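Novice: Return atomic coordinates for the entry below.
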Amino acid sequence: MPAAALMSRSEAAEAKSTKAAAPKKATAPATPLTLPPVQPGPAYLMAGPMLGHVGPDRVHVWVRGTAAAPWKILLTEPGAQTREIDGGSLKAEAGLSGIAVVYGLKPGTSYTYQIVLDDREQLPLPLPSFTTAPETGHAGRQRIVFGSCVGQTVAAAAPVWAELAERRAMSTGEGAFDLLLMLGDNHYGNTTEIEKLRVYYTAHRLSAGWRDLSARSPVYAIWDDHDYGPNNSDGTEAGKADSLKTFQEFWANPACGEAGNPGCYFTFTRGDVQFFMLDGRYHRSPNKAEDAPGKTMLGTKQLEWLKRELQASKAKIKLLANGSEWESYGSEDSWTHFKQERDPFLRWIDEQKIEGVIFLSGDRHFSSGYHINGRFLELSAGPVGSVNSKLRANPERFTGHDEGRLWGVLDIDTTVSPPRVAYEFWQAGHSMRERREISWAQLHGREKIERTPGYVL
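Specialist: Presented below is the predicted three-dimensional model:
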């Protein structure tokens, strides 16, 4: 069959033009999100529980209540006595949110748990459960969901959350996965005002699908512009410290920045895959600044941290996640306008002979794959709920999807040598749109990643 006959409507439109993406049409502002009224009586669970970091020996759990109250977790391992973990108190100055860390768990073990507020159990039967990560360095297979851009309304992303909640424990061919990476625009508050941010974070956690999904699957998050501040906001944004404070209230990540260098970045290892979750906003230079030495997306200290962690990493696969796309032909709000920082970093990776690097991103309201400079693999996924943007011609892109609510899956198997890496793109209501294995030689630029059959630039 001729390649043209395999093109989607979006691909056919893309093939007609190599011009830069047209500016988006102005739309009416979305109706601000609000929270349901609090019912009279004792404090109860408004949102959550949500799992954050789940390591081999610990779990981070987030909740939000309706009023100030003490809370705790009741944790049960099959065949063992239930443990009681004090979560402290939910306080108004922290947005009635709380994060508790439970230590002393066993690797690869399933636990059920209950949330108690003010001595009242909050979760109905059957109770949610989770499985701790394998031991650090352990070879195995992992399936990692990643996505961005949840949309202006709570309903926009609801189909994806509901479908992921169902697929979570299915077979691998049906979309099962081990953890979820949220790569920014996790709400569209477009502000640094603490109270509005709290409302937007909470509102997006009230849908039934999200509550089911996040109570059972580890969730890790970074931000992008719309959940950090206004559109295309950067390190000059007034109130950014308030955005960071609120981010820390609502995400149960394993860490957040470094001492002396604030930000939402962190790293963690699961088995022998290491994740480097980056902050592309807090220290960012303005997009329109001249792309000269000194223009930065990460900031000097975060970039130094990233290099140290990469050099020290013993993981076979290293995932570098950022809200903005890494590829060379992106929008103004991408690494395309920060090449004075990006290109020396890419060269440094090769100079240091660091293997197994994969770049992840979001932001663009479509899902795509890039072979940056014919050398580095980048996968970008979304939108989970936002309106789609159309793909435009790009010499580095080898595949792309721009219709419907989309997410990506990385399927990594380190029990073989070299490790096996495959990506998948899924569309809500339409199952898997594409699955493809990337060879170790392609991952390191020794072989070209050819276009996906039927995809035309």
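
Novice: C-alpha from now on. contacts and neighbour counts both.
Specialist: Noted.

Novice: Now do the helices in the stretch 51-200 of the chain.
Specialist: For the stretch 51-200 of the chain, the helices defined by DSSP state H, counting those that start in this stretch cover 154-167, 194-203.

Novice: I'd like those as TSV, with mean pLDDT appended.
Specialist: Shown next, in TSV, are the helices of the stretch 51-200 of the chain (pLDDT from 0 to 100):
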stretch	mean pLDDT
helix 154-167	98
helix 194-203	98
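
Novice: For Ile144, find the nearest of the ones you listed.
Specialist: Taking CA to CA, helix 154-167 is the member of the helices of the stretch 51-200 of the chain nearest to Ile144, at 11.8 Å.

Novice: List the buried residues in that closest one.
Specialist: Buried residues in helix 154-167, defined by neighbour count with 16 or more other CA atoms under 10 Å: 154, 156-167.

Novice: chain center to it, what's the gap?
Specialist: 15 Å (CA atoms, centre = their mean, to the nearest Å).

Novice: List of residues touching it?
Specialist: When contacts are defined by CA atoms under 8 Å, 6 or more residues apart in numbering, helix 154-167 is touched by residues 150-151, 174-177, 203-204, 207-210, 212-213, 384-386, 405-406, 428-429.

Novice: With Thr300 as the reference, measure out to the spatially most central residue of the chain.
Specialist: The centroid of the chain falls nearest to Met182 when counting by CA atoms, centre = their mean (2.0 Å). For Met182, the distance to Thr300 under the criterion CA to CA, to the nearest Å works out to 24 Å.

Novice: Please apply the same query to Met50.
Specialist: According to CA to CA, Met50 and Thr300 sit 33 Å apart.

Novice: Look at these two and report which has more neighbours.
Specialist: Per other CA atoms under 10 Å, whichever of Met50 and Thr300 has more neighbours is Met50, with 26 against 15.

Novice: The more buried one and Val63 touch, don't they?
Specialist: Yes - applying CA atoms under 8 Å as the test, Met50 and Val63 come out as touching, 6.5 Å apart.

Novice: where does the stretch 51-200 of the chain have low pLDDT?
Specialist: Along the stretch 51-200 of the chain, the model assigns pLDDT under 70 to no residue.

Novice: What's the local residue count around Ser389?
Specialist: If you count neighbours by other CA under 10 Å, Ser389 ends up with 17.

Novice: give the contact list for it.
Specialist: Contacts for Ser389 (CA under 8 Å, 6+ apart) come out as Arg364, His365, Phe366, Asp402.

Novice: Nearest to Leu410 among those?
Specialist: Set against Leu410, the nearest of the contacts of Ser389 by CA to CA is Phe366 (16.6 Å).

Novice: Okay, the closest one and Ala155: tell me how far apart.
Specialist: On the measure of CA to CA, Phe366 and Ala155 end up 19 Å apart.

Novice: same deal with Ile222?
Specialist: Counting by CA to CA, the separation of Ile222 from Ala155 is 22 Å.

Novice: again with Thr172
Specialist: 27 Å.

Novice: same thing with Phe338?
Specialist: Phe338 is 35 Å from Ala155, by CA to CA.

Novice: quick check: domain ranges of this structure?
Specialist: Under automatic domain parsing, the residue ranges defining each domain of the chain are 3-31+136-443, 45-131.

Novice: hang on, isn't Met170 packed against Ala176?
Specialist: Yes - with contact defined as CA under 8 Å, Met170 reaches Ala176; the gap is 5.1 Å.

Novice: higher neighbour count, those two?
Specialist: Ala176 (20 against 13).

Novice: pretty sure that one is touching Gln142, no?
Specialist: No - using CA under 8 Å, Ala176 is not in contact with Gln142, being 9.9 Å away.

Novice: At which residues are the helices of the stretch 351-457 of the chain located?
Specialist: Along the stretch 351-457 of the chain, counting by DSSP H, counting those that start in this stretch, helices occupy 440-443.

Novice: Measure how buried Tyr265 is and give me the count.
Specialist: Tyr265 has 27 neighbouring residues, counting by other CA under 10 Å.

Novice: which residues touch it?
Specialist: Ile222, Ala255, Cys256, Gly257, Phe276, Met277, Leu278, Asp279, Gln302.

Novice: And for Gln352, the neighbour number?
Specialist: Residue neighbour count, defined by other CA under 10 Å, stands at 11 for Gln352.

Novice: mind checking the SS state of the nearest residue to it once chain neighbours are set aside?
Specialist: Leaving aside its chain neighbours, Gln352 sits nearest to Gln311 (7.7 Å; criterion: CA to CA, 6 or more residues apart in numbering). Put simply, Gln311 is helix when judged by DSSP: H, G, I helix; E, B strand; the rest coil.

Novice: Surely Gln311 touches Ile354?
Specialist: Yes - with contacts counted by CA under 8 Å, Gln311 reaches Ile354, the gap being 7.4 Å.

Novice: Would you verify that Leu306 is located in a strand?
Specialist: No - under three-state DSSP, Leu306 falls outside any strand and is assigned helix.

Novice: Quick check: the gap between it and Phe345.
Specialist: Counting by CA to CA, the gap from Leu306 to Phe345 is 10 Å.

Novice: Same drill for the two, tell me which one is more crowded.
Specialist: Taking other CA under 10 Å, Leu306 and Phe345 do not tie; Leu306 has more neighbours (20 against 14).

Novice: Do you know the pLDDT at the more buried one?
Specialist: Listed pLDDT for Leu306 reads 99.

Novice: which residues does it contact?
Specialist: When contacts are counted by CA under 8 Å, 6+ apart, Leu306 is found next to Phe276.

Novice: Could you check how far it is from Pro56?
Specialist: For Leu306, the distance to Pro56 (CA to CA) stands at 23 Å.

Novice: Okay, strands next: where are they in the stretch 51-200 of the chain?
Specialist: Counting by DSSP state E, counting those that start in this stretch, the stretch 51-200 of the chain has strands at residues 59-65, 69-76, 83-90, 97-102, 110-117, 120-121, 129-131, 141-147, 179-182.

Novice: Let's have those in TSV, adding distance to Tyr188.
Specialist: TSV is the format used below for these (distance: least, CA to CA, whole Å):
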stretch	distance to Tyr188
strand 59-65	20
strand 69-76	29
strand 83-90	25
strand 97-102	20
strand 110-117	29
strand 120-121	33
strand 129-131	29
strand 141-147	15
strand 179-182	14
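
Novice: I'm done for today, thanks for sticking with me.
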